[in-house]
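A.B. asks: Return atomic coordinates for the entry below.
(2 chains, ligands or ions: 2)
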Amino acid sequence: MRNAFLEAVVDTVLPGERGGPDATPDVLPLPPGSHAGVVLDPNYAAQQGVLRFIAERAGGEEAFARASFSKRTELLEQVERESFAPFRALVSALVQDYYEAPSVLVAMGWREGAAQPLGHDVPQADAGTLRCLDKVRRRGRLWRPVS
Amino acid sequence: MRLDPVDIAIVGAGFGGAAFAWRLSQQRPDLRIVCVERGGYSDRSALPALRPDWQRAVLNEWATSPNLRLKSGRKPASADYPIDDTQSDFKPLMWNGVGGSTIAWAAHFPRLHPSDFRTRSLDGVGDDWPFSYADLEPYYDLNDAECGVSGLAGDPAYPPKPDRAMPPVALGRMGMAAARGFDALGWHWWPVDAAINSRSHAGRAACNHCGPCLIGCATGAKSSTDLTYWPKALENGVELRTGCVVQQVEIEAGRARGIRYWDEIGREVFQPAQIVVVAGNGIGTPRLLLASGVKSPALGKNLMFHGAAYARGLFREELDGPVGPVGCAIYSHEFYETDESRGFKRGVHLQVTRENALLVQASRLDRPWGETAQRWLRDEFRHSVAVLVCNEDLPETHNRVTLTDEVGADGLPGVKVEYRVSEHTRRALDFGLDRAEEMLRAAGAHRTVRIALAPLTGWHLLGTARMGTDPATSVTDASGRVHAVGNLMVADGSLFPTVGAVNPGSTIGALALKLADDLARRVE
Ligand SMILES: Cc1cc2nc3c(=O)[nH]c(=O)nc-3n(C[C@H](O)[C@H](O)[C@H](O)COP(=O)(O)OP(=O)(O)OC[C@H]3O[C@@H](n4cnc5c(N)ncnc54)[C@H](O)[C@@H]3O)c2cc1C
Ligand code: SF4
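C.D. replies: Ligands and ions are numbered 1, 2, ... in the order given. Now for the predicted structure:
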């Protein structure tokens, strides 16, 4: 299978953010899948069937790769309808690689790497929040007594 | 192979089995107690949270569902068996190994309310427990002390509880935002009780809010029975045999003779015992008892999970993101007790929970690919508060655990779960979702969404070997003794006649301690 086709599939499933009116300098845009290091292995047997099906629906690998983003999205939606489980298995594999990619985590404002041993800082309740509990206390017993 | 007889053989080293083994060994050091567990210990130094690819473990070999773990093709640390859950609206979740499901639990640690023990007398639904909150209260206190609870005393939703051993787990921006919402509406809210160390306590470290509590706790801050009850039980002389799958409780002329199991290397072993105690959880227990030929009309029936649904609020302000512990921040029991004007009896528990890891959030979207999915994640991630709505589902005989005609790889008959969400649960969940959305909007959410039914929430496996006084409608008596087989007991979540609307762990632990005391007084 051609690289351009495989890359086009990845980048249709995971298009990333292309900037646009909402983009701000302090928010990094999400990269497209292929820029985040997500690759489809053409030798991975479990995915070959659905990839061939995508190419077939598009009229060939090249046609898919050359199609506009919205056309490719339409084609994948069609494949999803006609071959749900294999398509979703492909998506799941790509999504797993993508959302663990350091560049994606960082673009989402998160830390890359293991959850431990660093952990995270979480703020304690502030004084105002704790004061609200007085109101709850003042209501008195809320549980239903049982004789 | 036939072993020397023991006094007590316990099946399952989870919450019930561990608490029971410790308490009985403490009260009766003269007894020879053996516990047989199908899984092994979890190795804390090899937990996925220590690896950069920990997020995918949540979806694969550390998924909460044993079926998903088996399907992942990666070797799970849990000794799982497949469960046919195709006919179940909620998918059963569990962990099979030393510590049982407390290895994977969130350690949210509420008690039942006094009214939960009297639903039939008070509201004409469900059944009364054969004892009261007051009878269980000293065991709740003891279980709290042994598990180590962070929280805040003085919650008016409950009868007074002793001072909590540690202050509440940090609320975070998310907890404070939700508190703002409850406060604006004048509704009850309170920091949760959690069996998690907010400070170092009892030789275990403090939680560092790493996030993924459900894939095992690498710091040991989360209380699980491999860290709490088991070390003490072993010190008391209890023998724990791991990697051993119990095939049958051998019963002859209405008496249990002992247990037959496959040991770690596949040998068949017979362990004679004066008393057999089964604590395999709400699915493992009926599976084993049915496979052993125990006859009881209620066995396997009345499965309860708690109905579960989520409302999620999206906020413009930045919140905490996927930090832990997942089951902690605050909760509300404003709508816990019956108010018939709501159109259903009993109530709902609103639990404010933390965000999922990014990959988990992405994977759970209806359509997890394409531009819309990524835009949604951008809006949601670090900007959302989720409220879990749990309701009291009622015992219904058609919700059940049965055996299939197949034989599993573990030697036991296959097991099937059937569960349908009732009209009652649907009404209660819809009511709870409305209230949760109201709170989120009051807290400042600019958008709310609801997940009207969340299938992967079958955390609580309850009711399938229920206690009671009538052998026609219950499997055991108030002391966990199987009506039909006097020296066979159950000591786990299967015993619950009804389930309240809160998580069951604290009650399972307390109940197992009480049953151990009952037995300690009884046994010669
Ligand atoms: C993901 C998750 C999150 C949860 N979060 C919470 C929470 O926040 N708060 C809360 O209160 N509860 C929570 N729970 C539920 C709680 O963990 C369980 O209710 C509790 O652990 C059940 O105790 P148990 O003794 O009934 O069974 P378990 O703890 O499940 O133990 C049963 C044990 O029996 C063993 N066993 C079964 N059959 C056999 C056999 N034939 N031979 C040998 N051994 C056998 C199993 O391997 C297992 O170790 C959660 C559960 C899960 C899965
Ligand atoms: S968040 Fe805290 S309790 Fe949960 S796994 Fe991390 S350290 Fe353990």
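
A.B. asks: For the rest of this, base every contact and every neighbour count on C-alpha atoms.
C.D. replies: Fine.

A.B. asks: Which one of the residues in chain A is closest to ligand 2?
C.D. replies: For chain A and ligand 2, the shortest gap (Cα to the nearest ligand atom) falls at residue A:119, measuring 6.9 Å.

A.B. asks: got it, and the stretch 401-524 of chain B?
C.D. replies: For the stretch 401-524 of chain B, Cα to the nearest ligand atom, closest residue to ligand 2: residue B:505, 15.5 Å.

A.B. asks: mind listing what that residue touches?
C.D. replies: The neighbourhood of residue B:505, defined by Cα atoms under 8 Å, 6 or more residues apart in numbering or on different chains, consists of B:15, B:107, B:109.

A.B. asks: The same query, at a cut-off of 10 Å, please.
C.D. replies: The contact partners of residue B:505, by Cα atoms under 10 Å, 6 or more residues apart in numbering or on different chains, come to B:15-16, B:101-102, B:105-111, B:143, B:195, B:460, B:492-493, B:511.

A.B. asks: Cross-check those against ligand 2 and keep the overlap.
C.D. replies: Checked against ligand 2 using Cα under 6 Å from any ligand atom, the contacts of residue B:505 give no members in range.

A.B. asks: For the stretch 401-524 of chain B, which residue gets nearest to ligand 1?
C.D. replies: residue B:505 (3.2 Å).

A.B. asks: typo on my end, chain A
C.D. replies: Counting by Cα to the nearest ligand atom, chain A gets nearest to ligand 1 through residue A:115 (18.1 Å).

A.B. asks: What count of nearby residues applies to residue 14?
C.D. replies: By default, I'm working from chain A. 26 (other Cα atoms under 10 Å in any protein chain shown).

A.B. asks: The intended chain is chain B.
C.D. replies: Residue B:14 has 29 nearby residues by other Cα under 10 Å.

A.B. asks: gap between it and residue B:312?
C.D. replies: 32 Å (Cα to Cα, to the nearest Å).

A.B. asks: circling back to that earlier point, tell me the contacts of the residue of chain A closest to ligand 2?
C.D. replies: B:49, B:207-211, B:219, B:323-324.

A.B. asks: Which residue comes closest to it once chain neighbours are left out?
C.D. replies: residue B:210 (3.8 Å; Cα to Cα, 6 or more residues apart in numbering or on different chains).

A.B. asks: From what I see, the one you found and residue B:220 are in contact.
C.D. replies: No - using Cα atoms under 10 Å, residue B:210 is not in contact with residue B:220, being 11.8 Å away.

A.B. asks: end to end, how far does stretch B:149-165 reach?
C.D. replies: By Cα to Cα, one end of stretch B:149-165 lies 6 Å from the other end.

A.B. asks: Mean confidence (pLDDT) on that stretch, please.
C.D. replies: In this model, stretch B:149-165 has an average pLDDT of 98.

A.B. asks: gap between it and the chain center?
C.D. replies: 21 Å (Cα atoms, centre = their mean, to the nearest Å).

A.B. asks: anything in the lowest-mean-pLDDT helix or strand in chain A near chain B?
C.D. replies: In chain A, no helix or strand scores lower on mean pLDDT, DSSP states H and E than helix A:45-58, which sits at a mean of 94. No - using Cα under 10 Å from any Cα of the partner chain, helix A:45-58 never reaches chain B; the gap is at least 13.0 Å.

A.B. asks: what element comes up after that helix heading to the C-terminus?
C.D. replies: Following helix A:45-58 in sequence order, the next helix or strand is helix A:61-66 (DSSP states H and E).

A.B. asks: buried ones in that following helix?
C.D. replies: A:61-62, A:64-65 (16 or more other Cα atoms under 10 Å in any protein chain shown).

A.B. asks: Just list the residues touching residue B:439, thanks.
C.D. replies: B:177-185, B:187, B:311, B:313, B:387, B:433, B:445.

A.B. asks: Next step: those residues restricted to helices.
C.D. replies: B:177-185, B:433 (DSSP state H).

A.B. asks: what's the neighbour count on residue A:82?
C.D. replies: 12.

A.B. asks: In the helix or strand that contains residue B:122, which residues are buried?
C.D. replies: Using DSSP H and E, residue B:122 sits in helix B:119-123. By 16+ other Cα under 10 Å, the buried positions in helix B:119-123 come out as B:119, B:122.

A.B. asks: May I have that helix exported as CSV, CA atoms only?
C.D. replies: Output in CSV follows, covering the C-alpha atoms of helix B:119-123 (Å, rounded to 0.1, in the frame of the first residue of the first chain):
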residue,chain,number,x,y,z
THR,B,119,-37.0,-0.2,52.4
ARG,B,120,-39.9,-2.6,52.6
SER,B,121,-41.2,-1.3,56.0
LEU,B,122,-40.6,2.3,55.0
ASP,B,123,-41.5,2.5,51.3
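
A.B. asks: Let me see the residues that make contact with that helix.
C.D. replies: Contacts for helix B:119-123 (Cα under 10 Å, 6+ apart): A:144, A:146-147, B:115-116, B:125-129, B:338-340, B:345-346, B:394, B:497-500.

A.B. asks: Just checking, which helix or strand succeeds that helix along the chain?
C.D. replies: From helix B:119-123, the next helix or strand downstream (DSSP H and E) is helix B:133-147.

A.B. asks: buried stuff in that following helix?
C.D. replies: So, applying 16+ other Cα under 10 Å, buried residues of helix B:133-147: B:133, B:136-137, B:139-141, B:143-144, B:146-147.

A.B. asks: Next: stretch B:2-9.
C.D. replies: Quick answer for stretch B:2-9 (16+ other Cα under 10 Å): B:6-9.

A.B. asks: Fine by me, we can end here.
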